[in-house]
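Novice: how would this look folded up:
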Amino acid sequence: MALHNDFGARGEELAVDFLRRKGYIILDRNWHSGHKEIDIVARHEDTIIFVEVKARANVFYGNPQDAVTPRKMHLLVLAADAYLRYNAIDLEVRFDIITITGTLEKPYIKHYESAFRPGVGI
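Specialist: Got it, this is the predicted structure:
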């Protein structure tokens, strides 16, 4: 596996641990609907949270949250709709972004709650 892929996969592990420490229940990871993927699906109180994780060793090529483009948001919303229908869930929904920068030994984790809403950008 390429080093950046390994960093991304480990970043998702860090994001899951981070959410669990905040009291979130992890429902699914890397859930697919066709070519669309949701990195993490969690529940916190009466809300389902769809989380996009972006991990970067540095910000040389830009901030990780900037990689969540309007197209990526649209695909995530479509995947979230499929997830809700497939699992017959009728709860409030939120879209979050978790960014991880730095090193795996000293990561900097930032959680953007309610990062975007369907039809509205970051």
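Novice: only C-alpha atoms for contact and neighbour calcs from this point on.
Specialist: Noted.
Novice: now the strands: where do they sit in the protein?
Specialist: 25-33, 36-44, 47-56, 92-102, 107-116 (DSSP state E).
Novice: low-confidence ranges in this protein?
Specialist: 1-5, 59, 119-122 (pLDDT under 70).
Novice: residues in contact with residue 117?
Specialist: 94, 95 (CA atoms under 8 Å, 6 or more residues apart in numbering).
Novice: For residue 22, see how far away the residue nearest the centre of the chain is.
Specialist: Note on the chain: the residue nearest the mean C-alpha position is residue 52, at 1.9 Å, using CA atoms, centre = their mean. Applying CA to CA, to the nearest Å, one obtains 17 Å for the distance of residue 52 from residue 22.
Novice: now do residue 112
Specialist: Distance from residue 112 to residue 22, by CA to CA: 14 Å.
Novice: When these two are compared, which one has more neighbours?
Specialist: Shown here are residue 112 and residue 22; by other CA atoms under 10 Å, residue 112 has more neighbours (16 against 10).
Novice: This completes my enquiry, with thanks.
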